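Student: Got a sequence here, can you model it:
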Amino acid sequence: MKKLLNEFKEFINRGNVLDMAIGVIIATAFSAITTSLINDVIMPAISLLTGNTGDGISALDIVINTGRTVVDETTGLEVAETVTIGLSSFVSAIVNFIIIAFICFMIVKIFNKANAVANAKKLAEEAAAEEEKKRLEAEAEANKGPSSEELLTEIRDLLSEMKKSGK
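Tutor: So this is what the prediction gives:
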């Protein structure tokens, strides 16, 4: 049991769990904003465009009479029992989803573009560093004199010649 608790503690202490939790909280708040935008701004505008100004978008709802009666709690009168198919809520949810999906798409697109720019800059810096390294190596090679072995071989050959010529 202690091992399980330690693993859970390690899992919770990871940074990405905290990031994910913050993301969920922000998404919930953002969802409330978009829901208000849909219900309070876009749907009334759609109602005006479709000519359903009286009931708003709720005019899309389908009300079905079940054939039974129930007692209305506020008036105490018997009223027909109905079932409502909430098409307006469904349309609102679809529009809400499309707006959130589009915003998420734009965020990812901007993030990817920023990463591409950063990666291109990093690649350019690496290429410049590699070019500088090659330039310095070529310069060092050009300024380099003969190796110790080459000098010793040359001295040996000169001594050998001197010995042969009698000097």
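Student: Would you point out which residue is most central in this protein?
Tutor: residue 108 (4.6 Å; Cα atoms, centre = their mean).
Student: so is it in a helix, a strand, or just coil?
Tutor: helix (DSSP: H, G, I helix; E, B strand; the rest coil).
Student: quick one: buried residues of the least confident helix or strand in the chain by mean pLDDT?
Tutor: Among the helical and strand segments of the chain, the one scoring lowest on mean pLDDT, DSSP states H and E is helix 43-50, with a mean of 76. Counting neighbours by 16 or more other Cβ atoms under 10 Å, one finds that the buried residues in helix 43-50 are 43, 46, 47. (Each C-beta comes from the backbone N, C-alpha and C, glycine too.)
Student: Does the first one touch residue 94 like I think?
Tutor: No. Taking Cβ atoms under 8 Å as the contact criterion, residue 43 and residue 94 are not neighbours in contact, 11.3 Å apart.
Student: Could I have the CA atoms of the lengthiest strand in the chain written out in PDB?
Tutor: If you go by DSSP state E, the chain has its longest strand at strand 62-71. What follows is strand 62-71, C-alpha atoms only, in PDB (Å, rounded to 0.1, in the frame of the first residue of the first chain):
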ATOM      1  CA  ILE A  62     -40.600  20.000 -30.400                       C
ATOM      2  CA  VAL A  63     -43.300  19.600 -27.800                       C
ATOM      3  CA  ILE A  64     -45.100  16.200 -27.800                       C
ATOM      4  CA  ASN A  65     -48.300  15.700 -25.900                       C
ATOM      5  CA  THR A  66     -48.200  12.300 -24.100                       C
ATOM      6  CA  GLY A  67     -52.000  12.100 -23.700                       C
ATOM      7  CA  ARG A  68     -51.800  12.000 -19.900                       C
ATOM      8  CA  THR A  69     -52.600  14.800 -17.400                       C
ATOM      9  CA  VAL A  70     -50.700  16.000 -14.400                       C
ATOM     10  CA  VAL A  71     -51.400  18.500 -11.700                       C
END
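Student: helices and strands around it, which ones?
Tutor: strand 78-85 (3 or more Cβ pairs under 8 Å, 6 or more residues apart in numbering; DSSP states H and E).
Student: Where does pLDDT dip in this structure?
Tutor: 15, 52-60, 167 (pLDDT under 70).
Student: What ranges does it have for its helices?
Tutor: 2-12, 15-37, 43-50, 87-143, 148-165 (DSSP state H).
Student: Kindly reformat those helices as JSON lines and extend each row with distance to residue 73.
Tutor: Compiled in JSON lines, those are given as follows (distance: least, Cβ to Cβ, whole Å):
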{"stretch": "helix 2-12", "distance to residue 73": "47"}
{"stretch": "helix 15-37", "distance to residue 73": "28"}
{"stretch": "helix 43-50", "distance to residue 73": "29"}
{"stretch": "helix 87-143", "distance to residue 73": "23"}
{"stretch": "helix 148-165", "distance to residue 73": "107"}
